[in-house]
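>>> This is a predicted model, with the sequence first.
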Amino acid sequence: MRFVRPETLEEAATLLGQESGVTRIISGGTDVMVQMRSGLVAPDLVVDLKHLTGLRSITPEAGGFRIGAAVSGAQLGEHEGVCALWPGVVEGVQLIGSTQVQGRATMVGNLCNGSPAADAVPGLVAADATVRIMGPNGSRDCPVAEIPAGPGRTTLGKGEFVTSVFLPARPERSGDAYLRFTPRTEMDIAVAAAAVSLTVDAKGVVTAARVALGAVAPTVMLVPEAAAAIIGTTLDDAAQAALAAAASAACNPIDDKRGTIEFRTRVAGVLARRAALIALARAGGQN
Amino acid sequence: MALDNTGQRVFKVVGTRPPRPDGVDKVTGRALYGADMSAPGMLVAHILRSPHAHAEIVSIDTSAAEALQGVKAVVTAADFTPQEDEYLDDILVNCLARDKVLYDGHAVAAVAATSADVAKAALKLIKVEYRKLPHVTDVDAAMRPDAPIVQSGRSLETVPEGMSENVTSHCEFGHGDLEAGFAKADLIIERSFTTAATHQGYIEPHACLATMGADGKGDLWCCTQGQYNVRSICADLLGIEASQLRVTASEIGGGFGGKTTVFIEPVALALSRKSGRPVKIVMSRSEVFLATGPTVSSSTDVKIGMTKDGRITAGQAHLRYSGGAFPCGTVDMGAQAAFAAYDLEAVQTLGWNALTNRPKEAAYRAPGAPQAIYAVESVVDELCQQLGLDPLEVRLKNAARKGTKSSYGPTFDDIGLMATLEAAKAHPHYSAPLGENQGRGLSAGFWFNFGGNTCVTLNVNTDGTVGITEGNPDIGGSRAAISQMAAEELGIPYDKIRTIVADTSSLGHNDVTDGSRVTFSVGLATIKAARDAISKMCSRAAQIWGIDEEAVVWEDGAACPAGPNAGKFPPMTLAEIAAVSFNTGGPIAGHYEFNADGAGVSFGVHLVDVEVDRETGGTKVLRYTVFQDAGKAVHPSYVEGQMQGGAVQGIGWALNEEYIYGEDGRLQNPGFLDYRIPVASDLPKIDTVILEIPNPGHPYGVRGVGETPIVPPLAALSNAVSRAIGKRLHSLPMSPPRILKALSEA
Amino acid sequence: MKTIHVSTTVNGDAAEFICGPDESLLDVLRNRLGLTGAKEGCGTGDCGACSVMLDGRLVCSCLVLGAEAEGVTVDTIEGLAEGDHLHPLQQSFIDHAALQCGVCTPGILVAAKALLDRNPDPTETEVRYWLAGNLCRCTGYDKIIHAVMDAAKTMRAA
């Protein structure tokens, strides 16, 4: 195994593109180190990028924020602007691991690790966030929702890596929230998870919404039917029930050591409903 | 040794809370644990483990591994001589599989090399040919006649004919006429329960450093609850004399019973002998879960009859435990403990142990009792619910007390069950209001406690300080408690005493730190050793004063003439006697060696409030109070620590902890991520109430306190959840999917 | 595997070591620098026994490559006391019997100090959540939480 700290993003792309063996990028390292230790992955090349310009900074852009790929959960949580604009995204990121893990873990790492239960991802998908990708052919942008390809897999090409996440501006009276279910209060992997981002009008009617679910399908997924169930409503009891039902109906989970199909399906609906109510309150609406 | 002046003694040091002698080392990172020791020229060893739940080992070829640059030794079962003694041979086969691998993670071979990387690379070069065999991991399935046989020829004569060969032992306890008892009942409830295997979950993985020379002398540093036990097992397995092997216990990073045996130590010694180099083995966390002892998994049927006014008329339990792939006697303790809290005219408990393709069971805090008492206390609670009776009143009505013939035979002497129940009843927790979806659970718990082989040396230094040499690794503050008892006895300040844990060459045999025995037994030996030193110091004073030894007494840390007829001499303090000891006959020391008896049983009562989220099945523990009889709490903070730590281990067992096996018989959760021990944010404050009903078998009334606290939480939590949701679960852990399923079943 | 030369600062002192490219900072601290206060309880970031500060951030040293220590500061349990003068948290842990076996204690102290450095007056709930990544199997956490709260009080008064 080689450990390399390239001087530029271009150099990194070339290194990663030309390496014939297994490659890994280390920012937080909280997944890569575990996989290396367990023998799941034996990389031939590990590339450390976090010293490169911009990778550890959060900058305002077009009313939103661009967040460098090596920004840790702890750093993100200390940024008042991001916390105020996208509290649901931040709470998702901050649920990853412990305080110690927060000191290193990044939301890009969480995304690129490809876990269906990734806590950072539903919030990003609900926020319609995009990522900027560097690769051997230069830079491109891509919606977060299109990155996961299946458990442990992404749509990133050979030599490609994410350099930043862009969280967009949002209209007035908008709010988001993320909830997951775990048996313990902390130090756990989501058994089911839901993120909701919504906007209400002056009367409190939901005018736009995005609902994303985690840990209930091979990838984190956007559920338009669940969003449709609350758009045009004030999130009254009937809309809440419809949301929960639509979320549960979209689930395609597995039975495993962490939860059953039946449990995940039911709880995903409960969490979608509860997250929507928190998002609504943050948007200033009332049900 | 009987209690001194029951209830009258005024203690000066015992009962206070001085700082622990190992405190500074442990808060500065200086304390040395199993993995913290190194030696010049040291090799690192790694172990190859079975990927199968059950398979025949057709062949092992280690030649490629041996040829790898940097590999200095490889060992397999072929490097050890099979033992005639079945107990020892089981330990050996568990350390390195002989003909079959018996569980996922069973050790097959070990490599010592110049680095961890080389050792790991060498493991990949070892070719093991397996022939897979059908496996069984569930205790009930293992008892069926058609079950895959884990090991043949291991059944004791006590096992009834016609059962699967996996059933290795059977036991029966009880007294009275069951039929007549049940006939007197107004309500009989019979239920079946299961509990998952749980792991002790100590944070420090097993680790050791072994050095064995060509002269056959060996030194072993390891984290263990009993260095003498390690010595005798390793000496037998390696075919050397005990005197040639010195075992030093490191600081121990938790044990809870799991470090009472050996896993890697004989392997490290064999590798060291073969390579002529020191060899270190440190287990990974996954190895700890895969291949060290969890507790038994259990399946239990309980039947209890009760009158309308809450008198239990008869109780019966059938317990089926599995201690993994080797015979295991833990069910005997479960069968004895099941009904110990009750004064019963008719009681019967039957137990069976069955082999399964799981790791060899190791003791876990009150081994066998939590599973049995969970089932009994759950049925008692359901009887109370159905009869509309207060569960605390019912337990008071039926509680075992002095003179009760216990369900397992002996008649109880002074015990603290009534006192703990009364304390719980009087506590504000018991009458505090509950909210929606909240429930309060109650359970009693019991443990036998143990004495055992013990010896202590107490040296009086010429500057008036005292050194105590004892032989039990300090796992919960015992060095402090031992120093306190010596200070109490000698009449000198606590900080004048230093207690150390000796290696096996520095002191005679001491049984393992288990059975809640150390503060009781080592404390008792310390008191006796102190009295031995006192008598010698009185003799020296008598010599100096020129009077009879019998005319000198020890008071407040000094020798004094016994009354006016003995002569008029000013008291001579310990320091004064010690200072001149070289002129009065030489150094002064006290010793005591014995096989302690009279440990005195211990009872506890736990109260817990929970709230259940009806939409997710999640349980939140809101409030927890532990009541326990400590006999005499030598260091109350450390007694509270045992009560709190045990309660939280029990909470984990009740709610989330479990060994999860796949269809392939492999363990699915060998790590702290998916084997979920409680974290700080899962818990409320754990309140404690210490009762002190003196143990007649100890001069200060001390009882062991370490194990009882893990017993009540299982039923207490189950009873609380049952009352919160109006449905009773019969399986542990009560994980959220199980609770949600119970809630959705009409 | 080609080893890497690393220059770093440990507990305020310059330190240099060579390590393998895949070697964890924890292994470097323990096996190359002789600092065995940080413990490996899991190697997967699930127990917190290996907690250290990396450039002022609390991390699990088992999840950091030794090579990543180049040019940063590392603070471990061995640097918590000043000479023979214990940090108030260390004293509080002894006074409140907040340790039994003590193997989780170094990690918990490092984590607790990181908390009090940024939040001198935490609530009990904040302490419990901050320390959720530090497993302790002996104490049930009760006395640990109490010791941290009490040390915070002492430090605020100082």
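Perfect, thanks for sending it.

>>> all helices of the stretch 551-700 of chain B, in order?
B:574-579, B:636-655 (DSSP state H, counting those that start in this stretch).

>>> what does the stretch 101-250 of chain A give?
Using DSSP H, counting those that start in this stretch, helices in the stretch 101-250 of chain A cover A:107-112, A:120-126, A:224-228, A:237-250.

>>> what's the most buried one of those?
helix A:120-126 (a mean of 33; mean count of other Cβ atoms under 10 Å in any protein chain shown). No exception for glycine: its C-beta is placed from N, CA and C like everyone else's.

>>> can you tell me the distance between the two ends of stretch B:691-709?
Its first and final residues considered, stretch B:691-709 spans 13 Å by Cα to Cα, to the nearest Å.

>>> Give me the distance from that stretch to the chain's centre.
16 Å (Cα atoms, centre = their mean, to the nearest Å).

>>> And stretch B:414-421, by the same measure?
Per Cα atoms, centre = their mean, the centroid offset for stretch B:414-421 relative to its chain is 23 Å.

>>> what comes into contact with that stretch?
When contacts are defined by Cβ atoms under 8 Å, 6 or more residues apart in numbering or on different chains, stretch B:414-421 is touched by residues B:341, B:392, B:395-396, B:399-402, B:444, B:446, B:600-605, B:627-629, B:631, B:689, B:691, B:693-696.

>>> Just the CA coordinates for that stretch, please, in PDB.
Coordinates of the C-alpha atoms in stretch B:414-421 are reproduced here as PDB (Å, rounded to 0.1, in the frame of the first residue of the first chain):
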ATOM      1  CA  ASP B 414     -29.200 -14.200  58.600                       C
ATOM      2  CA  ILE B 415     -30.100 -12.900  55.100                       C
ATOM      3  CA  GLY B 416     -31.100  -9.500  53.800                       C
ATOM      4  CA  LEU B 417     -34.000 -10.100  51.500                       C
ATOM      5  CA  MET B 418     -36.800  -8.900  53.800                       C
ATOM      6  CA  ALA B 419     -34.700  -5.700  54.600                       C
ATOM      7  CA  THR B 420     -34.200  -5.000  50.900                       C
ATOM      8  CA  LEU B 421     -37.800  -5.500  50.100                       C
END
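
>>> And it, what's buried?
B:414-421 (16 or more other Cβ atoms under 10 Å in any protein chain shown).

>>> Same question for stretch B:440-456.
B:440-456.

>>> how long is that stretch end to end?
45 Å.

>>> residues from chain A in reach of chain C?
A:1-3, A:26, A:28-30, A:33-34, A:36-38, A:46, A:48, A:72, A:74, A:97-101, A:103-104, A:185-187 (Cβ under 8 Å from any Cβ of the partner chain).

>>> which of the residues you listed are buried?
Using 16+ other Cβ under 10 Å, the buried members of the residues of chain A next to chain C are A:1-3, A:26, A:28-30, A:33-34, A:36-37, A:46, A:48, A:72, A:74, A:97-101, A:103-104, A:185-187.

>>> rewinding a little: narrow the buried residues of stretch B:440-456 to those in strands?
B:440-447, B:452-456 (DSSP state E).

>>> how about the CA coordinates for stretch B:4-21, as CSV?
The C-alpha trace of stretch B:4-21 is given here as CSV (Å, rounded to 0.1, in the frame of the first residue of the first chain):
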residue,chain,number,x,y,z
ASP,B,4,-17.2,-10.0,65.9
ASN,B,5,-19.6,-8.4,68.5
THR,B,6,-22.6,-8.4,66.2
GLY,B,7,-23.9,-4.9,65.5
GLN,B,8,-21.7,-3.3,68.2
ARG,B,9,-18.4,-2.7,66.5
VAL,B,10,-17.7,0.9,65.7
PHE,B,11,-15.5,1.0,62.6
LYS,B,12,-12.9,3.7,62.0
VAL,B,13,-11.7,2.9,58.4
VAL,B,14,-14.1,0.3,57.2
GLY,B,15,-17.2,2.1,55.8
THR,B,16,-15.2,5.2,54.7
ARG,B,17,-14.3,6.1,51.1
PRO,B,18,-10.6,6.6,50.7
PRO,B,19,-9.0,6.9,47.3
ARG,B,20,-8.0,3.7,45.5
PRO,B,21,-4.3,2.9,45.5
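
>>> pLDDT averaged over that stretch, what's the number?
Mean pLDDT, stretch B:4-21: 86.

>>> ditto for stretch B:100-110
On average, stretch B:100-110 scores 98.

>>> Equivalent analysis for stretch B:407-427, please.
97.

>>> Quick check: the residue of chain C nearest chain B.
Going by Cβ to the nearest Cβ, chain B is nearest to residue C:37 of chain C, at 2.1 Å.

>>> per-residue confidence for the closest residue to that residue other than its chain neighbours?
The shortest distance from residue C:37 to any non-neighbouring residue, by Cβ to Cβ, 6 or more residues apart in numbering or on different chains, is to residue B:29 (2.1 Å). For residue B:29, the pLDDT comes out at 98.

>>> And residue B:449, by the same measure?
96.

>>> Return the distance of it relative to chain C.
19 Å (Cβ to the nearest Cβ, to the nearest Å).

>>> what number of residues lie near residue 143?
Picked chain A for this. Residue A:143 has 13 neighbouring residues, counting by other Cβ atoms under 10 Å in any protein chain shown.

>>> sorry, should have said chain B
Neighbours of residue B:143 using other Cβ under 10 Å come to 21.

>>> same question, the one 4 residues further on
The local packing count at residue B:147 equals 21, with neighbours defined by other Cβ under 10 Å.

>>> want to throw the ones in strands among the buried residues of stretch B:440-456 into TSV with distance to chain A?
Converted to TSV, those look like this (distance: Cβ to the nearest Cβ, whole Å):
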residue	distance to chain A
B:440	21
B:441	19
B:442	24
B:443	22
B:444	27
B:445	24
B:446	29
B:447	28
B:452	37
B:453	41
B:454	40
B:455	43
B:456	42
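
>>> Widest-spaced pair of the residues you listed?
Farthest apart among these by Cβ to Cβ are B:440 and B:455. That separation is 46.5 Å.
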